[in-house]
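Participant: How does the following fold in three dimensions:
(one chain, ligands or ions: 3)
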Amino acid sequence: MKRVAVIAGDGIGPEVINEAVKTLEQAQQIYSFDLELVPFDWSADKYLATGISMPDGAMEMLRNEFDAILTGAFGDPRVPDNKHAADILLGMRFNLDLYINLRPIKLIDARLCPLKDRQPEAVNFVVFRENTEGMYVFMGGNFKKSSDDEIAIQEEINTRKGVERIIVAAFEYARQHHRKRVTMSDKSNVLTYGHDLWQRVFKEVAARYPEIEANHLYVDVLTMWMVLDPGRFDVIVTNNLFGDIVTDLGAALQGGLGMAASGNIHPGKVSLFEPVHGSAPQFAGKNVANPVAANLTAAMMLDYLGLKEAAVGIETAVETAVRAVETTKDIGGTLTTTEAGAAIRNYLS
Ligand code: NAD
Ligand code: IPM
Ligand code: MN
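Facilitator: Ligands and ions are numbered 1, 2, ... in the order given. Predicted coordinates for the structure are as follows:
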């Protein structure tokens, strides 16, 4: 019996997570495994009502009593500083030390790619986004705030340990999944201290994996090649902020944010699975959000939990429904969220 904390979150989060949960329930019957899915209502609503984003002891509970966490999205226009999202989502990434943000970029059907004449083989790579440091550490401050002389400082943190473990994870993944190339992306021509560390560690780690081609692209030119020739990528490894940005671009190559799944992983420890997309508040409660990303995320979670057959089963069902255009409008279909979820489950057998 595996225990999964389900935090649906805000906006379209609850709608897409509801579909993912129904798929997981059906998968348990078909593939004979037991998940205990435990819901938590941590969200903007809860935060606005109580002032609390996550109760005391919640992190310890997740760390000690759960195998995985499945979340929708966090973000609500009524919380303009995004405080609860930072506490909950970034809080879990940091406190559970989920240093790998694994974001696969895989085109299911050629018609979904915004690039001309691209077959699915041309868009099939994974991004390893560093997930516990970089620009995300909230270090810095303001001096003379709101005056004409204001100074704002935002620090980027790169530690030897943090940089090394994400680069090692990318090479290990490449080795295990028979990917032939790892591309590290930074901006070391300008960020000559922090990203120089990435350069040195990358060369050192790459030497331990002689069978894997190691190459480097500055992040500006990386985005160019992602559009001109995504087929050249197998595994990309990059820092927290650049990884955030390039994976929305990657989502676009797959047909949009409704298609992109992700895992926040610390191998061997409780890990967090969430779609790449946010809470899309303008779609909330309208039954229009695409449940594909949430379903693929559920599949990633099962894979992480060692339930590989069920993971592949869900992925295949999603692919079949997408190719049959039994989907929501954002990817060309006519179905609602709940209908598109049911269409996926219809192919799960
Ligand atoms: P977003 O990902 O919520 O939406 C951007 C656009 O992508 C939407 O307008 C929509 O056109 C499309 N889209 C996203 N998900 C979709 C889906 N499932 N089906 C169909 N179309 C979909 O990004 P945003 O508008 O920049 O952010 C909205 C809020 O979400 C903000 O508060 C932001 O901070 C938050 N956010 C949260 C997460 C997270 O919790 N992981 C991720 C990104 C953004
Ligand atoms: C993501 C999101 C988050 C991030 C936000 C909501 C803090 O954009 O998961 O990609 O920047 O990491
Ligand atoms: Mn993002």
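Participant: what separates the spatially most central residue of the chain from ligand 1, distance-wise?
Facilitator: Centroid-nearest residue in the chain, with Cα atoms, centre = their mean: Ser262, separated by 2.7 Å. The gap separating Ser262 from ligand 1 is 8 Å, by Cβ to the nearest ligand atom, to the nearest Å. (C-beta placed from N, C-alpha, C; glycine too.)
Participant: wait, is that residue part of a helix?
Facilitator: No - under DSSP: H, G, I helix; E, B strand; the rest coil, Ser262 falls outside any helix and is assigned strand.
Participant: Phi and psi next, for the residue in the stretch 51-200 of the chain positioned nearest to ligand 2.
Facilitator: Nearest residue of the stretch 51-200 of the chain to ligand 2 (Cβ to the nearest ligand atom) works out as Ala85 at 5.4 Å. Per-residue torsions, Ala85: phi -70, psi -40 (degrees, to the nearest 10).
Participant: got a list of what it touches?
Facilitator: Neighbouring residues of Ala85 by Cβ atoms under 8 Å, 6 or more residues apart in numbering: Asp10, Phe74, Gly75, Val79.
Participant: quick one: the closest residue to the second one other than its chain neighbours and Ala44, what's the gap?
Facilitator: The one in question is Phe74. Of all residues not flanking Phe74 in the chain, Ala85 sits nearest, at 3.6 Å (Cβ to Cβ, 6 or more residues apart in numbering). Distance from Ala85 to Ala44, counting by Cβ to Cβ, to the nearest Å: 8 Å.
Participant: anything in contact with each of these two?
Facilitator: Shared contacts of Ala85 and Ala44, defined by Cβ under 8 Å, 6+ apart, are found at Asp10, Phe74, Gly75, Val79.
Participant: what's the first one in contact with, if anything?
Facilitator: With contact set as Cβ under 8 Å, 6+ apart, Asp10 has these partners: Ser43, Ala44, Asp45, Gly72, Ala73, Phe74, Gly75, Asp76, Ala85, Ser279, Pro281, Ala284.
Participant: In those residues, find the pair that's most separated.
Facilitator: With Cβ to Cβ as the measure, no two of those lie farther apart than Ala85 and Ala284, at 14.7 Å.
Participant: hmm, back to that, wait, what's in contact with the residue nearest to the centre of the chain?
Facilitator: By Cβ under 8 Å, 6+ apart, the residues touching Ser262 are Asn101, Leu102, Arg103, Thr247, Phe273, Glu274, Pro275, Val276, Thr297, Met300.
Participant: Residue numbers of the chain in contact with ligand 2?
Facilitator: The interface of the chain toward ligand 2, taken as Cβ under 6 Å from any ligand atom, is made up of Gly75, Ala85, Leu89, Leu90, Asp244, Val276, Gly278.
Participant: Near the closest residue to the fourth one other than its chain neighbours, how many other residues are there?
Facilitator: With sequence-adjacent residues excluded and distances taken as Cβ to Cβ, 6+ apart, Leu90 is closest to Tyr136, at 6.5 Å. Neighbours of Tyr136 under the rule other Cβ atoms under 10 Å: 19.
Participant: Let's see the pLDDT reported for Tyr136.
Facilitator: Per-residue pLDDT puts Tyr136 at 97.
Participant: so it sits right up against Leu241, yeah?
Facilitator: Yes - using Cβ atoms under 8 Å, Tyr136 is in contact with Leu241, at 7.1 Å.
Participant: Can you name the residue of the stretch 101-250 of the chain nearest ligand 1?
Facilitator: Using Cβ to the nearest ligand atom, the single residue of the stretch 101-250 of the chain nearest to ligand 1 is Asp248, 7.6 Å away.
Participant: Name the residues that touch the strand or helix carrying that residue?
Facilitator: Assigned by DSSP states H and E, Asp248 falls within helix 240-254. Identification of contacts with helix 240-254 by Cβ under 8 Å, 6+ apart yields 101, 103, 105-108, 112-115, 123, 125, 127-136, 156, 185-187, 219, 222-223, 226-227, 230, 236, 238, 257, 259-260, 262, 276-277.
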